[in-house]
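# fold the following.
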Amino acid sequence: MSNNRQHFHTFDALRFFSFLLVFIHHSPVPDSSFLSFFSKSGGIGVVFFFVLSGFLITYILIHEKNRTEKISLKKFYIRRILRIWPLFYAMILFAFITPYLLNILQLPYSAEGYQPNWLMSVLFLENYKMIIEGGFPNVSPLSVMWTLCIEEHFYIVWGILISIIPLKRIPHLITGSILLASISRIIYSHYGLSTIDLISNIDYFAFGAIPAYILVCKTEILGRLDKLNRSLKYLAASASLILIFGIPNLETEWLDFVAPLLFGTFFSLTILWTLPQNNHLKISDKLWISKLGVFTYGLYLFHTIVINLFLNLKISSFDFNWILILITSLITTILISIVSYHIFEKHFLKLKVYFY
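Model prediction:
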């Protein structure tokens, strides 16, 4: 089955771009810098990760169901486990021993945030712990792992739903998910709760599912889209960039509820434009941004650790300015992620071939 799946160029480049948004957001960029305008878009990088994940997971599931009329959830979940769990639990272990390492190295560390509940962490429930505490854990990289918790919950729920729902009913699932998330955000806002669970983010995954459904089940739509004027596609891509950097710099309350629909729509269109064979939004897999996108999972998990390390070095010994911290942290994060992928993660990924 896997040999018949389509390879999606451009996606690795988009992943790396999304990571950069998150990275700059977590970097010590001062308000006086021009980069502060872009640093506010870190959350948008996470949104695009969700939309892209919604596309890829939905495509995998409905591609299998369309060909075999059933889905092997066991094999699907094992493949997800092999991709996510090894590095996830390695980072949990690292977070647990971090305070001891900092004491041995005599490096300062912040006491801000709550003391982790390790059972919640290992069970992919960190996001709910954050909702309960109303803040972040006091050790890296647990503070960014809430997104992986949401991803894991999505894999479980979406896999079950796609396996039992007829393919022709998937549009209803997508519509229902978008409505559910929109309503839940209003409720969460009323009670002052953080929107960092699957229910309040499932619309992003659903928006990603739209192009996946079209690709597998409505190929005639894809053919018509392929014939659209390229200027319309460039316009949609440009609108996405304007939204990414523009909306986070606006302070209008109603945008909190409208922005998810805008982001979901335009990110879904961006993916859709890349799917036809004769598209004009192709980023080659040979470009450096695409090659670095392969290591996005490690980049995401390692970057806060590296940034905090250089911030601690600045406080304790070395006189780093924020630009040097940003550049050094990015280069170091990339190097560590490449090593992690080839030395550690890749060995587990090779096992996925037995579960197709």
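# with just CA atoms, put stretch 123-141 into CSV.
Taking C-alpha atoms only, stretch 123-141 is exported to CSV below (Å, rounded to 0.1, in the frame of the first residue of the first chain):
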residue,chain,number,x,y,z
LEU,A,123,0.6,9.8,29.4
PHE,A,124,0.4,12.6,26.8
LEU,A,125,-1.7,14.7,29.2
GLU,A,126,0.6,17.7,29.6
ASN,A,127,-1.8,19.9,27.8
TYR,A,128,-4.6,19.2,30.4
LYS,A,129,-2.1,19.7,33.2
MET,A,130,-1.4,23.1,31.7
ILE,A,131,-5.1,23.9,31.5
ILE,A,132,-5.6,23.0,35.1
GLU,A,133,-2.6,24.9,36.3
GLY,A,134,-3.2,27.9,34.0
GLY,A,135,0.5,28.1,33.1
PHE,A,136,3.5,26.2,31.8
PRO,A,137,5.8,23.5,33.3
ASN,A,138,9.0,24.9,34.7
VAL,A,139,11.4,22.7,32.6
SER,A,140,12.1,22.4,28.9
PRO,A,141,10.9,21.0,26.6
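# next, the buried residues of that stretch.
Neighbour-count burial for stretch 123-141, counted by 16 or more other Cβ atoms under 10 Å, picks out 124-131, 136-141. For every residue, glycine as well, the C-beta is placed using N, CA and C.
# quick one: pLDDT of the spatially most central residue of the chain?
Here the mean C-alpha position of the chain is nearest to the C-alpha of residue 49 (Cα atoms, centre = their mean), at a distance of 2.9 Å. The score at residue 49 is 95. That number is its pLDDT.
# among the buried residues of stretch 123-141, which are in helices?
Among the buried residues of stretch 123-141, the members falling in helices (DSSP state H) are 126, 127, 128, 129, 130, 131.
# of these, closest to residue 150?
For these, the closest approach to residue 150 (Cβ to Cβ) belongs to residue 127, at 6.1 Å.
# shouldn't that closest one be in contact with residue 144?
No - using Cβ atoms under 8 Å, residue 127 makes no contact with residue 144, being 10.8 Å away.
# rewinding a little: let me have the ones in helices among the buried residues of stretch 123-141 in TSV, extended by pLDDT.
Converted to TSV, those look like this (pLDDT from 0 to 100):
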residue	pLDDT
126	96
127	96
128	96
129	95
130	95
131	95
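# how about those residues in JSON lines, adding distance to residue 41?
Shown next, in JSON lines, are these (distance: Cβ to Cβ, whole Å):
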{"residue": "126", "distance to residue 41": "23"}
{"residue": "127", "distance to residue 41": "21"}
{"residue": "128", "distance to residue 41": "26"}
{"residue": "129", "distance to residue 41": "26"}
{"residue": "130", "distance to residue 41": "21"}
{"residue": "131", "distance to residue 41": "23"}
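# excluding chain neighbours, give the residue nearest to residue 147 in space.
residue 46 (5.5 Å; Cβ to Cβ, 6 or more residues apart in numbering).
# who's in contact with that neighbour?
18, 22, 147 (Cβ atoms under 8 Å, 6 or more residues apart in numbering).
# go on, residue 114?
129, 133, 135, 136, 137, 138.
# could you check how many residues crowd around the residue nearest to the last one when sequence neighbours are not counted?
Read that as residue 138. The shortest distance from residue 138 to any non-neighbouring residue, by Cβ to Cβ, 6+ apart, is to residue 113 (3.4 Å). The tally of other residues near residue 113 (other Cβ atoms under 10 Å) stands at 15.
# re the thing from before, out of the contacts of residue 46, which sit inside helices?
Among those, the members found in helices (DSSP H) are 18, 22, 147.
# the second one: neighbouring residues, count only.
Residue 22 sits with 24 neighbouring residues when counted by other Cβ under 10 Å.
# contacting residues for it?
42, 45, 46, 144, 300, 303.
# so who does the last one touch?
Residue 303 makes contact with 19, 22, 23, 26, 141, 329, 330, 333, according to Cβ under 8 Å, 6+ apart.
# could you redo the last one with a cut-off of 6 Å?
23, 333 (Cβ atoms under 6 Å, 6 or more residues apart in numbering).
# shouldn't it be within a helix?
Yes - counting by DSSP: H, G, I helix; E, B strand; the rest coil, residue 303 falls inside a helix.
# quick one: contacts of the helix or strand containing residue 175?
Taking DSSP states H and E as the criterion, residue 175 maps to helix 170-191. By Cβ under 6 Å, 6+ apart, the surrounding residues in contact with helix 170-191 are 165, 195, 199, 200, 202, 203, 206, 209, 213.
# buried stuff in that helix?
Of the residues in helix 170-191, 170, 173, 174, 177, 178, 180, 181, 184, 185, 188 count as buried by neighbour count, 16+ other Cβ under 10 Å.
# can you list these in TSV and add distance to residue 247 and pLDDT?
What follows is those, written out as TSV (distance: Cβ to Cβ, whole Å; pLDDT from 0 to 100):
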residue	distance to residue 247	pLDDT
170	29	96
173	27	97
174	23	97
177	22	98
178	18	97
180	22	97
181	17	97
184	20	96
185	15	94
188	19	94
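# quick one: distance of the helix or strand harbouring residue 243 to the chain centre.
Here residue 243, judged by DSSP H and E, is contained in helix 230-246. Centre-to-centre, helix 230-246 and its host chain are 20 Å apart (Cα atoms, centre = their mean, to the nearest Å).
# name the surrounding residues that touch the next helix or strand after that helix.
Remark: after helix 230-246, the chain's next helix or strand is helix 255-274, criterion DSSP H and E. With contacts defined as Cβ under 6 Å, 6+ apart, helix 255-274 is touched by 10, 47-48, 51, 55, 203-204, 207, 210-211, 233, 236-237, 239-240, 243, 247, 279, 281.
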